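Visitor: sequence plus the predicted model coming up.
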Amino acid sequence: MTAAGAVRPALPTAVLGRTGLEVTRLGFGSAHRPLMTEPRADELYNLVLDSGINFFDTAHDYKNSEELIGAVLPHRYGEFHLATKCGCVESDGTRNMSEHVWTRDNLFRGIEISLGRLKRESLDLVQLHNPTVEECESGGLVDALQDMRAQGLVRWIGMSSTLPHLPTFVEWGVFDAFQIPYSALERRHEEWLTRAAEAGAGIIVRGGVAQGEPGPGAGADDRWASFEKAKLDELLEPGESRSGFVLRFTLAHPDAHTIIVGTSNPNHLRENVQIVHKGPLPADVYAEAKRRLDAAGERPAER
């Protein structure tokens, strides 16, 4: 309820490809840095759900993310869809997100650990965490995921990936969802969001706000330099932030089914929700922004 007693408007949704899951256009990514405490997670994660977001993305190696979700949210599992990632490895308590072991045994070991942490018997979606095509083939990873699904451990299988591997994974036609980086400041995969969606897959966008503008957010100066080079400030509405513009740009892509934005700041979360309620950029502004970004050298990759 709002202060005036009116019902809060629902966040816009989209169908996540062949999964049929109705997901909010704004999702929540829980790769927190630094380590989050349980009291903070209790406040933040419940605020995420109270804001209407119904898609959580985590991973086996996102520090203590899975443990925290399993500690504070089991009583609300009926309110949202939950995705994790596999292929990750354990370390001495500080998990290195760049380390993976691409074997069937490690995938099954990881999903069992994830289910235990999350206090779940099954998950909505499990995604391979950025293997190469060669690693996927040599490790028999697709067969392993399909066996997980046959055993009821997961409902849908997906892939977190980038070029140059993404085209092959899309061509295989076995993944129900793809997690792909995309924003106004990282347009390399712009056309591949569409190609994967045309193949029937759900599209989960990461990096949809480019980590936020430097200063208020954590984005890198070099990444945001293209925003200035393209003179996108001239397209901002009165009072609109650069981060808000970039999120609305991402929302304007017709095949960005859900955009996972991670934050540990409740105020930033509220701002993101307000931006999504405002809606995507108008078609003419979106087209002009892309024209300017093209001219500035921030273009999609060739198909």
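Guide: Received it, and whenever you're ready, just let me know what you need.
Visitor: kindly check the end-to-end length of stretch 26-39 for me.
Guide: One end of stretch 26-39 to the other measures 24 Å (CA to CA, to the nearest Å).
Visitor: stretch 207-227 too?
Guide: End-to-end distance for stretch 207-227: 15 Å, by CA to CA.
Visitor: for stretch 189-205, same thing?
Guide: 10 Å.
Visitor: what's the answer for stretch 235-249, then?
Guide: Stretch 235-249 has an end-to-end distance of 11 Å (criterion: CA to CA).
Visitor: what residues does stretch 270-283 touch?
Guide: Contact partners of stretch 270-283, identified using CB atoms under 8 Å, 6 or more residues apart in numbering, comprise 9, 11-12, 24-26, 47, 51-53, 209, 241, 243-245, 247-249, 251-252, 261, 263, 286, 289. Every residue, glycine included, has its C-beta placed from N, CA and C.
Visitor: out of these, which end up buried?
Guide: Listed as buried from these are 11, 24-26, 51-53, 209, 243-245, 247-249, 251-252, 261, 263, 286, 289; burial here means 16 or more other CB atoms under 10 Å.
Visitor: please flag which of those sit within helices.
Guide: Using DSSP state H, the subset of the buried ones among the contacts of stretch 270-283 located in helices is 243, 244, 245, 247, 248, 249, 251, 252, 286, 289.
Visitor: can you add pLDDT and distance to residue 77 and give the residues you listed back as CSV?
Guide: Shown next, in CSV, are these (pLDDT from 0 to 100; distance: CB to CB, whole Å):
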residue, pLDDT, distance to residue 77
243, 91, 31
244, 94, 31
245, 95, 34
247, 96, 27
248, 97, 31
249, 97, 32
251, 98, 27
252, 97, 32
286, 97, 36
289, 97, 38
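Visitor: do you have the helices of the stretch 201-303 of the chain handy? List them.
Guide: With DSSP state H, counting those that start in this stretch, the ranges of helices along the stretch 201-303 of the chain come out as 221-229, 242-252, 266-278, 283-295.
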